[in-house]
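In: Okay, here's the prediction I keep looking at, along with the sequence it came from:
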Amino acid sequence: MTTTTTLRELTGDYVLDTAHTRIGFVARHTMATKVRGRFDEFKGSAHLDGDDPSMSSAVLTIQAKSIQTRDRRRDAYLRGNFLDADNHPAITFTSTKVRQVGETTFKVTGDLTIRGVTKPVTVHFELTGAENGPQGYLRVGFEGSVTINRKDWGVNWNAATGVLVSEKVALEFAVAAIRQS
C-alpha cells in the first residue's frame with residue numbers, strides 16, 4: 001500500500017467505511033464512573049478539498065436506536081427516555097464550516113440535531129492517515145471529539161438524571177472514509 005503525503009492528493013468525494021468507523025460517547029455516571037457507548041448504525045459522506053479545506057463538507061446520519069452501552073436495560077432507557085428514538089429516529093450532523101488549524105488538524109463546525117433540536121457544534125479533527133488500498137481506492141482516517149451539554153438538546157429524563165448523569169457528554173469519532181471520485 002502506498003501512503004499519501006499531501007492534502008491535495010486527498011481531494012474527492014468520500015463515504016464512511018462503516019466497518020472501520022466508530023462513533024462513540026463518554027458520560028460521567030455518578031462521581032466515580034464513566035459510561036462509554038457507541039452507535040452501531042450510521043452513514044455519512046464528505047467532500048474533501050485539499051487545495052482549499054474551507055470548501056470541504058461532511059454529512060453524518062446516526063440511527064438513535066443503534067445506541068449500545070453493553071447494558072440492555074440502560075440502552076432501553078437511552079433509546080426511549082433520553083433520545084426518544086421512536087419520535088426522533090435520526091441524529092444528524094451537517095457541516096457549515098471547515099477550517100484548517102494545523103498541518104493535519106481541522107475544526108469542523110456544523111449543525112447537530114438530536115431529538116429534533118438543532119444546535120451548532122465544532123468538532124476538532126486530526127487527519128490520522130491516508131493510504132491506497134489493494135483494490136486501488138484511497139482510504140483516509142480522521143479522529144475527532146467534541147463535548148456537548150446534553151440538556152441543550154433536551155436529552156434529560158427526570159430530576160434524578162441531573163444528579164446521576166453528567167450534563168457533559170464527549171462525542172468521539174474514529175472515522176475511516178473511502179474515496180468514491
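Out: Right, received. Where do you want to start?

In: And the average pLDDT for the host helix or strand of Tyr77 is what?
Out: Secondary-structure element containing Tyr77, defined by DSSP states H and E: helix 72-77. Averaged across helix 72-77, the pLDDT comes to 93.

In: Return the list of strands paired to the following helix or strand past it, each annotated with direction.
Out: The helix or strand immediately downstream of helix 72-77 is strand 90-100, counting by DSSP H and E. Applying DSSP bridges, strand 90-100 is found paired with strand 57-63 (antiparallel), strand 105-114 (antiparallel).

In: List the buried residues of strand 90-100.
Out: Ile91, Thr92, Phe93, Ser95, Val98 (16 or more other CB atoms under 10 Å). C-beta here means a position set from N, CA and C on the backbone, and glycine is covered the same way.

In: how close does the residue nearest to the fourth one when sequence neighbours are not counted sit to Leu60?
Out: In this structure, Ser95 finds its nearest non-sequential neighbour in Gly110, 3.9 Å apart by CB to CB, 6 or more residues apart in numbering. As judged by CB to CB, to the nearest Å, Gly110 and Leu60 stand 9 Å apart.

In: cool, Thr33 as well?
Out: Distance from Thr33 to Leu60, by CB to CB: 28 Å.

In: who has more neighbours, these two?
Out: The neighbour comparison of Thr33 against Leu60 (other CB atoms under 10 Å) goes to Leu60, with 24 against 9.

In: For the more buried one, which residues are in contact?
Out: Leu16, Ile23, Phe42, Lys43, Gly44, Thr92, Phe93, Thr94 (CB atoms under 8 Å, 6 or more residues apart in numbering).

In: pLDDT added to these, as CSV?
Out: CSV is the format used below for the contacts of Leu60 (pLDDT from 0 to 100):
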residue, pLDDT
Leu16, 98
Ile23, 98
Phe42, 98
Lys43, 98
Gly44, 98
Thr92, 98
Phe93, 98
Thr94, 98
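
In: Most widely separated two among the residues you listed?
Out: Ile23 and Thr94 (15.2 Å; CB to CB).

In: ok, so of the contacts of Leu60, who is nearest Ile114?
Out: Using CB to CB, those come closest to Ile114 at Thr92, 8.5 Å.

In: Dig out what the closest one forms beta bridges with.
Out: Under the criterion used (DSSP bridges), Thr92 bridges to Thr61, Thr113.

In: ok, now which ones touch it?
Out: Thr92 makes contact with Val59, Leu60, Thr61, Ile62, Asp111, Leu112, Thr113 under the criterion CB under 8 Å, 6+ apart.
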